[in-house]
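S.K.: next come a sequence and a model predicted from it.
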Amino acid sequence: MTRRPGLSVRWRLTLSYAAVVVVTGVLLLAVVWVFLLRYVPTEQISLQSGSVPNRTDLVRAFVPPAVGALGALLVAGLLGGWLLAGRVLAPLARLRTAARLVGTGSLAHRVRLPGRDDEFRQLADAFDAMLDQLEAHVAAQERFAANASHELRTPLAITRTVLEVARDDPEHDHSALVTKLLTVNARAVDLTEALLLLSRAGRRPTARQPVDLSLAAEEATEALLPLAEARGVALEVEGTAAHAPGVPALLLQLVVNLVHNAVVHNVERDGGGVPFVRVTTASGTLDGGSVAVLVVENSGQELPPELVATLTEPFQRGTARVHQDQVGAGLGLAIVDAVVRAHEGTLRLDPRAGGGLVVTVRLPGAGTPPTP
């Protein structure tokens, strides 16, 4: 689409200011004409001491200075308008410079407009806030791409190494080779599916239906019960119905990821006893609206707050509490965070007193429970 050439905003403001000044001058002269000159007689009046000027004489004496005054007002309006428009539009020049720098890929530049809190200052602050979010998002995407490349490269490198060893050793056990390749391939498939799910979970769903988080919790714990029994972890489910509008598959995946993460990252408590995972659901009100709450609590080692704050980042496994035999890409809580944000909810992670983690998910509640 071609753009038509035209006057700049500064010139348009200048002409507008000058027009206002000239029109004001014309109105003042019109007032003088209407309310003063109309009382001057048009005919010549003679007195003993001389003649009295009539309207024609006054017009001849008044018009040239009035025209000169209008010309001076026009020049003053143009000069003053040009200077005033430049001063008013100066913040836009800074915004334009910042936008051009952002267009070249420089996200570190900020406007930081000084002065009073006016409309331009608010616009500049909003632009800076947008750049802060954009820079953080780009940095997170770069970390994600680098970590994803590393994670996907690892099974490929293992596969290549195994195949090279088998090629150089004709007497290599082929059944062991196939088993190893199947294990590596399964991990690569799981990682790819997790990346696809993470991408899909970040999109805000349009078609929603009421989902009972308590039923999702029961289904998730039932599916993960064999894994928990194999690791010696006790699963507990309690609470009441908690209905939230959303996509059933994504909300079920949210619960599954939380419970799975709590099971595989669990360790035996220092004071003895069976490690546990407790899932609780509830519904309530918050700020005048209904909410559905899901809490997943697990035992384990002490977690520093600075580590807990990073657990929702992709590929962050929390190595301080990971078994050596644990597998996974570290996308479980990242997927949970994406699902929660897509459903306009909140996710909170807190270190548990005595060791372990407490994850609290709050989602907007459904207006009515689903029909049985």
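M.R.: All right, it came through fine. Residues are numbered from 1 along each chain as shown.
S.K.: quick one, phi psi at the nearest residue to residue 284 once chain neighbours are set aside?
M.R.: Nearest residue to residue 284, sequence neighbours excluded (CB to CB, 6 or more residues apart in numbering): residue 291, at 5.8 Å. For the C-beta atoms, the positions are set from N, CA and C on the backbone; glycine is no exception. With angles defined as degrees, to the nearest 10, residue 291 sits at phi -130, psi 150.
S.K.: tally of neighbours for residue 291?
M.R.: 19 (other CB atoms under 10 Å).
S.K.: again with residue 65
M.R.: 9.
S.K.: give me the element it is part of.
M.R.: Using DSSP states H and E, residue 65 sits in helix 55-103.
S.K.: which ones are touching the residue nearest to residue 284?
M.R.: Under the criterion of CB atoms under 8 Å, 6 or more residues apart in numbering, the contact list for residue 291 reads 283, 284, 285, 362, 363, 364, 365.
S.K.: quick one: it from residue 281, how far?
M.R.: The gap separating residue 291 from residue 281 is 11 Å, by CB to CB, to the nearest Å.
S.K.: what's the answer for residue 27, then?
M.R.: 74 Å.
S.K.: between these two, which one's more packed in?
M.R.: residue 281 (26 against 10).
S.K.: how far off centre is the helix or strand containing that one?
M.R.: In this assignment (DSSP H and E), residue 281 forms part of strand 276-286. Offset of strand 276-286 from its chain centre (CA atoms, centre = their mean, to the nearest Å): 28 Å.
S.K.: change the start of the numbering to 8 and stick with it
M.R.: Yes, from this point I'll number from 8; that puts the last item at strand 283-293.
S.K.: give the pairing partners of it; include direction for each.
M.R.: The pairing partners recorded for strand 283-293 under DSSP bridges are strand 241-246 (parallel), strand 296-305 (antiparallel).
S.K.: spatially central, which residue of the chain would that be?
M.R.: residue 140 (6.1 Å; CA atoms, centre = their mean).
S.K.: quick check, it in a helix?
M.R.: Yes: the assignment for residue 140 by DSSP: H, G, I helix; E, B strand; the rest coil puts it in a helix.
S.K.: helices of the stretch 258-379 of the chain, residue ranges please.
M.R.: For the stretch 258-379 of the chain, helices defined by DSSP state H, counting those that start in this stretch occupy the ranges 312-315, 339-349.
S.K.: now for the first one, which elements pack on it?
M.R.: In this structure, helix 312-315 packs against strand 353-358, with contacts taken as 3 or more CB pairs under 8 Å, 6 or more residues apart in numbering; DSSP states H and E.
S.K.: got a list of contacts for the strand holding residue 288?
M.R.: The contact list for strand 283-293 (CB under 8 Å, 6+ apart) reads 220-221, 224, 227-228, 235, 240-250, 262, 265-266, 269-270, 273, 297-306, 369, 372.
S.K.: what number of residues lie near residue 118?
M.R.: Residues contacting residue 118 under the criterion other CB under 10 Å number 20.
S.K.: just residue 253 next, same as before
M.R.: 27.
S.K.: pretty sure it sits against residue 215.
M.R.: Yes: with contact defined as CB atoms under 8 Å, residue 253 and residue 215 form a contacting pair (5.3 Å).
S.K.: can you say which of the contacts of strand 283-293 are buried?
M.R.: Those of the contacts of strand 283-293 that meet the buried threshold are 220-221, 224, 227-228, 235, 240, 242, 244, 246, 249-250, 262, 265-266, 269-270, 273, 297-306, 369, 372, by 16 or more other CB atoms under 10 Å.
S.K.: residues in contact with residue 230?
M.R.: residue 263.
S.K.: perfect, I'm done here.
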